[in-house]
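Peer 1: no sequence for this one, just the structure:
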């Protein structure tokens, strides 16, 4: 047993020639392609001891670096071949075990590669735009509550709450319309729960979607997103991509 | 910001050459928002089991460490605006235990 373990980044077709010489992995290590035709795994060797440490006790920057380092490799493969990204932290004791896994899961992984070939994932986060300050809001039933500031205050609060609910309902209706516009341009759509981590605008996020789009339809898709944004000034749309198809890898059938 | 779409930071001219639709290296060189990254790298991607023995591969530990990461993450590391000085806001994960 060596003091190194094999960290998996992604599965690619065995005959693809990813530019591994230009890349390094999460530990700064060189990468290699383990081919078990028709599929192959992009792998790096990381110190076993380094991984066995409880990451909760590790400096937080270290985990951030793992996340970034892992994605950097997966993303760099994307221009060259279909890519099945592995979830962070998929580690095997040595390359033989990785090859064994590739042989065992050939069907699943081949199907997954076929699913993402010529396609990429695009993320769309839709936020409710910040409300316009509304100085013209009429003082609610001012005459009735004259001389009763507490009641006036409660009525104002209630009116404000109703206004917010209405704005949200309107925004949700717009989101639905946007999704009806975009869905036909995509191969698949998913609505994963967002961690919201690092998103300053998390409170205003009303929809987190991710679309699997054929590369030859990307221009059309992006134009449609742009048009949706222009047509819905009450919303703010944030499109990101192209992503490796993290969200569209079919589950393995038991 | 209203009515605008912030086109992706990591996007290049994807149309065109069907063999190499993305300029090589583009994704790796552009900054990617932390939230989009975490949503995918930690929560998605194919899960291959068979031999997952190291602690970081344990899904619960990954989530726990993600909490730790986020609560202590240095905004400047990700090009995010620094939070205002003053009392630390409540744990942003308190309502996200479903992750």
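Peer 2: In hand now; what should we look at? If you're wondering where the values come from, they're calculated on a predicted model, not measured in any experiment. Numbers count the residues shown, from 1 in each chain, chains lettered A, B, ... in the order given.

Peer 1: quick one: low-confidence parts of chain B?
Peer 2: B:1-34, B:43, B:47-99 (pLDDT under 70).

Peer 1: if you set the cut-off to 50 instead, what comes out?
Peer 2: Chain B contains residues with pLDDT under 50 at B:1-30, B:50-99.

Peer 1: ok, and the closest non-adjacent residue to residue A:207?
Peer 2: residue A:126 (4.3 Å; CB to CB, 6 or more residues apart in numbering or on different chains). Just so you know, the C-beta spots here come from the backbone N, C-alpha and C atoms, and that holds for glycine as well.

Peer 1: ok, now residue A:3?
Peer 2: Closest to residue A:3 by CB to CB, 6+ apart is residue A:48, at 5.3 Å.

Peer 1: report pLDDT for that neighbour.
Peer 2: With respect to pLDDT, residue A:48 scores 74.

Peer 1: state the distance from it to residue A:88.
Peer 2: Remark: distance between residue A:48 and residue A:88 (CB to CB, to the nearest Å) = 17 Å.

Peer 1: ok, these two, which is more surrounded?
Peer 2: residue A:88 (27 against 17; other CB atoms under 10 Å in any protein chain shown).

Peer 1: where does the more buried one sit: helix, strand or coil?
Peer 2: Under the three-state scheme (DSSP: H, G, I helix; E, B strand; the rest coil), residue A:88 adopts coil.

Peer 1: my read: it touches residue A:68, true?
Peer 2: No - using CB atoms under 8 Å, residue A:88 is not in contact with residue A:68, being 10.4 Å away.

Peer 1: next, count neighbours for the nearest residue to residue A:130 once chain neighbours are set aside.
Peer 2: Closest residue in space to residue A:130, ignoring its immediate chain neighbours: residue A:204 at 7.3 Å, by CB to CB, 6+ apart. A count of nearby residues for residue A:204, using other CB under 10 Å, gives 17.

Peer 1: what of the one 4 residues further on?
Peer 2: By the other CB under 10 Å criterion, the neighbourhood of residue A:208 contains 22 residues.

Peer 1: isn't it right up against residue A:199?
Peer 2: No - counting by CB under 8 Å, residue A:208 stays clear of residue A:199, with 9.5 Å between them.

Peer 1: list residues touching both of those two?
Peer 2: Applying CB atoms under 8 Å, 6 or more residues apart in numbering or on different chains, one finds that residue A:208 and residue A:199 are jointly contacted by residue A:125.

Peer 1: where do the helices sit along the stretch 101-250 of chain A?
Peer 2: Remark: helices assigned in the stretch 101-250 of chain A by DSSP state H, counting those that start in this stretch are A:106-116, A:142-145, A:149-182, A:218-231.

Peer 1: and these, which one averages the lowest pLDDT?
Peer 2: helix A:142-145 (a mean of 58).

Peer 1: ok so, going back, tell me the pLDDT at the residue nearest to residue A:207?
Peer 2: Looking at residue A:126, the pLDDT reads 93.

Peer 1: next, the contact list for residue A:18, please.
Peer 2: Under the criterion of CB under 8 Å, 6+ apart, the neighbours of residue A:18 are A:12, A:33, A:42, A:76, A:77, A:80, A:81.

Peer 1: will you turn those into JSON lines that also has pLDDT and neighbour count?
Peer 2: Output for the contacts of residue A:18, formatted as JSON lines (pLDDT from 0 to 100; neighbours: other CB atoms under 10 Å in any protein chain shown):
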{"residue": "A:12", "pLDDT": "96", "neighbour count": "25"}
{"residue": "A:33", "pLDDT": "96", "neighbour count": "15"}
{"residue": "A:42", "pLDDT": "96", "neighbour count": "26"}
{"residue": "A:76", "pLDDT": "91", "neighbour count": "27"}
{"residue": "A:77", "pLDDT": "92", "neighbour count": "27"}
{"residue": "A:80", "pLDDT": "88", "neighbour count": "16"}
{"residue": "A:81", "pLDDT": "90", "neighbour count": "18"}
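
Peer 1: alright, that wraps it up for me.
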